[in-house]
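> Here is my input; please provide its structure:
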Amino acid sequence: MASQEQPGRVVALTGAAEFLGRELGNRLLHDPRCRRVVVIDVREPNLSGAGLEYVQLDLTSPNAGRELEAVFARHRVDTLVHQAFLSHPIHDLDYAHELQVIGTLHLLHAADSAGLRKVIMEGSTMVYGARPDNPNFIREDAPLRGVSNCPQVADLIAAEQALWEFAARSPDTTVTCLRLASMLGQHSDGFMIQLLSRPLVPTVMGFDPLFQFVHESDALEALWLAWERDCPGAFNVAGDGVVPLSVAIRSAGRLPLPIPHLLSERLGGFLWACQLSDTPVAFFDYLRYLWVADTTRARRELGFRPRFSSHQALQNFTLLHRMLPKVPSAGGRP
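This next block holds a predicted model:
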């Protein structure tokens, strides 16, 4: 823990190569309440500051647990912010599992040994699953059901379960998980961004589910609030309101490609198996059913107030990426 001679918190940060981790690291490095930021990654981050320490460490390494224990002890880490998760599905399922599940277990084991003051983990509302019997707004105490035959979401659920098991045996540690809706922004990447970046967006015929989005700056603010305040538990983080999938596609200047459900399973499975698609077949359930999260708890306990609604985050994203068709000028020239 921080000594009296050197006051301030010491934060270990994973996932600093991505937008949220990098921007959070920058804010921490310029906050007088934070004495040191220890970035743990396989590559050096694009960060600079007097209090920055970089530790090159692969979370998938068999020795990662012991190395993390030594890092936490050497730097007297008191807070862990864990964001080393894949922003979109990949075909190498073994690597994804090692990074997201085993890597999380390594970090939590080291956090347990070090007796950390706080652990914050980035999660996803996808853990609730997209199912026909979901309530209109899913609260944080709902079961994490995911979707059938989907190792990508199963890994996120397993990482969260490990987090709550750690919380149960570490009552003196404030443990927080932010379940983010689909994040949109200039620097973001993810399932919905990949989907809306296609000229033709596959949809499931007869279904038009509602979606939530969170602007990347609002997601960063939620992380900052979790660092500033001691708020244990899970929190849904999303912009206000919902957007039907058909509206999201139209707003992005794309065209829908309706596919019958049975054909979507067969065709999607074939394309994924041949590595011709970046959308796992199980993700088509998220294009069929409701998975809208209730954000009341984040407002009440974290004090989270999104600047962008779901629709505004979508509009901002499409304008940044020049997805909207150009409006002709008065002279008729594009």
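
> Every contact and neighbour count from this point should use C-alpha atoms.
OK.

> any low-confidence regions in the protein?
Scanning the chain for pLDDT under 70 picks out 1-6, 264, 266-278, 321-334.

> List of residues touching stretch 34-49?
Outside stretch 34-49, the residues within contact range by Cα atoms under 8 Å, 6 or more residues apart in numbering are 6-17, 22, 25-26, 28-30, 51-59, 75.

> Please repeat the previous calculation with a cut-off of 7 Å.
Under the contact criterion Cα atoms under 7 Å, 6 or more residues apart in numbering, stretch 34-49 has outside partners 7-17, 22, 25-26, 28-29, 51-58.

> With stretch 65-73 instead?
Looking at what lies outside stretch 65-73 - Cα under 7 Å, 6+ apart - the contacts are 106-107, 109-110, 113-114.

> how about it: buried residues?
For stretch 65-73, a neighbour-count test (16 or more other Cα atoms under 10 Å) marks 65, 67-69, 71-73 as buried.

> for stretch 131-142, same thing?
The neighbour-count criterion (16+ other Cα under 10 Å) identifies 131, 138-140 as the buried residues of stretch 131-142.

> Can you show me the helices along this protein?
Assignment of helices within the chain using DSSP state H yields the ranges 19-29, 64-75, 93-97, 103-114, 151-169, 191-196, 216-228, 245-251, 261-273, 296-297, 310-320.

> mind putting the ones you listed in CSV, distance to residue 87 included?
Listed next are the helices of the chain as CSV, based on distance: least, Cα to Cα, whole Å:
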stretch, distance to residue 87
helix 19-29, 11
helix 64-75, 22
helix 93-97, 11
helix 103-114, 16
helix 151-169, 11
helix 191-196, 8
helix 216-228, 13
helix 245-251, 20
helix 261-273, 17
helix 296-297, 25
helix 310-320, 16
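
> and of those, who's closest to residue 121?
For those, distance to residue 121 was read as Cα to Cα. The smallest value, 8.2 Å, belongs to helix 151-169.

> buried ones in the closest one?
Across helix 151-169, burial judged by 16+ other Cα under 10 Å covers 151-160, 162-164, 166-167.

> just those residues now: which is nearest residue 280?
Checking the buried residues of helix 151-169 against residue 280 with Cα to Cα, the nearest one is residue 152 at 8.5 Å.

> Give me the neighbour count for the closest residue to the closest one other than its chain neighbours.
Closest residue in space to residue 152, ignoring its immediate chain neighbours: residue 89 at 6.5 Å, by Cα to Cα, 6 or more residues apart in numbering. Residue 89 is flanked by 17 other residues according to other Cα atoms under 10 Å.

> Check whether residue 89 really touches residue 153, as I assumed.
No: under the contact definition of Cα atoms under 7 Å, residue 89 does not touch residue 153, with a separation of 9.1 Å.

> The spatially closest residue to residue 172 that is not a sequence neighbour and residue 237: what is the separation?
Nearest-residue entry for residue 172: residue 117, 7.1 Å, with adjacent residues in sequence omitted and distances by Cα to Cα, 6+ apart. Relative to residue 237, residue 117 is positioned 23 Å away (Cα to Cα, to the nearest Å).

> Tell me which of these two has more neighbours.
Between residue 117 and residue 237, counted using other Cα under 10 Å, the more crowded position is residue 237 (32 against 18).

> The more buried one is in contact with residue 180, isn't it?
Yes: under the criterion of Cα under 7 Å, residue 237 is in contact with residue 180, at a separation of 4.8 Å.

> can you map out the strands along the stretch 1-150 of the chain?
Counting by DSSP state E, counting those that start in this stretch, the segments of the stretch 1-150 of the chain that form strands are 9-14, 34-41, 52-56, 79-82, 118-124.

> before we move on, the earlier item: I'd assumed residue 80 was in contact with the residue nearest to residue 172.
No: with contact taken as Cα under 7 Å, residue 117 and residue 80 are classed as non-touching, separated by 8.6 Å.

> Would you check that residue 176 makes contact with residue 118?
No: counting by Cα under 7 Å, residue 176 does not reach residue 118; the two are 8.0 Å apart.
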